[in-house]
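1. need a structure here:
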Amino acid sequence: MTSDNLYATAAGQARATTERLAGAWREGTKKLADQATMIPAMRPVDLNQSVEQYFQFVQRTVDLNRDLATSWAELVNTLTGATREQAESFSRIVRDQADTLAGMAAQQAEKTQQVAQERAERAEQVEQERARRARQAEGERVNQDRAKARKAYEGLTKAELSEQLAERGLARTGNVEDLIDRLVEANDN
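-> Numbering: from 1, shown residues only. Now for the predicted structure:
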């Protein structure tokens, strides 16, 4: 087999390996993105499985790159002169493509992390708003109950109010509003 045929065979194998690597990378990235979009908006975010799958994919990528580099090293050792220069040029292209794929994977992982963090922040905001509304509703209910309780005393004179306060052993000083407030508070307790 001539060195040109050997080079063509090696180039074809390198291309096939690169295409498999890119395909595996795409599938892994797609799975990671799909899993990130399936996270419920109202539940705590757990990315452990996605992170584990991502690093398994990275490990497979490293293993494939190591195998490819080893194969290339063996091939380069057998090539001479101009053929060696061509193989080195092709090796640089393959390395550049691998670097590009690694950069894309890092960007995708960063985007996934940002989406997860944004969803967690939104869930926290929703929970805070729910708690605020619950406190507001409770305050309104207390005010309504107090207003109802005041109605029972609003038609009474100061003397009648003082008499009811005396029966309960409470202070009888102040204006009518103070006396009504005191009676309402005594009813609440």
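2. secondary structure class for the spatially most central residue of the chain?
-> Centroid-nearest residue in the chain, with CA atoms, centre = their mean: A116, separated by 1.6 Å. When states are read from DSSP: H, G, I helix; E, B strand; the rest coil, the local structure at A116 comes out as helix.
3. so it touches L47, yeah?
-> Yes. Using CB atoms under 8 Å, A116 is in contact with L47, at 5.6 Å. Where C-beta positions appear, they are placed from N, C-alpha and C, glycine not excepted.
4. any idea which helix or strand carries the residue with the largest distance to the centre of the chain?
-> Among the C-alpha atoms of the chain, the one most distant from their mean position (CA atoms, centre = their mean) is that of A159, at 65.1 Å. Element membership for A159, per DSSP states H and E: helix 158-168.
5. any idea how far the residue nearest to the centre of the chain lies from A69?
-> Distance check for A116 against A69: by CB to CB, to the nearest Å, it reads 34 Å.
6. Same check on F55?
-> Relative to A69, F55 is positioned 20 Å away (criterion: CB to CB).
7. Looking at the two, which is more packed in?
-> Looking at F55 and A69 with other CB atoms under 10 Å, you find the greater number of neighbours at A69, namely 14 against 11.
8. Mind listing what's buried along the helix or strand the more buried one falls within?
-> A69 belongs to helix 48-78 when elements are defined using DSSP H and E. For helix 48-78, the neighbour count (16 or more other CB atoms under 10 Å) marks S50, Y54, F57, V58, T61, L64, N65, L68, W72, L75, V76 as buried.
9. Give me the distance from stretch 125-141 to the chain's centre.
-> Averaging C-alpha coordinates over stretch 125-141 and over its chain gives two centres that are 25 Å apart (CA atoms, centre = their mean, to the nearest Å).
10. Could you check how far the residue nearest to the centre of the chain is from R130?
-> Taken as CB to CB, the spacing of A116 relative to R130 amounts to 21 Å.
11. Then Q107?
-> From Q107 over to R130 the distance is 35 Å, taken as CB to CB.
12. I'd like the mean pLDDT over the host helix or strand of F90, please.
-> F90 is part of helix 81-154 when elements are defined by DSSP H and E. For helix 81-154, mean pLDDT is 85.
13. which helices and strands does that helix pack with?
-> Using 3 or more CB pairs under 8 Å, 6 or more residues apart in numbering; DSSP states H and E, the elements in contact with helix 81-154 are helix 3-37, helix 48-78, helix 176-188.
14. who wins for proximity to V94 among the ones you listed?
-> Comparing the helices and strands packed on helix 81-154 by their distance to V94 (CB to CB), the top pick is helix 3-37, with 5.8 Å.
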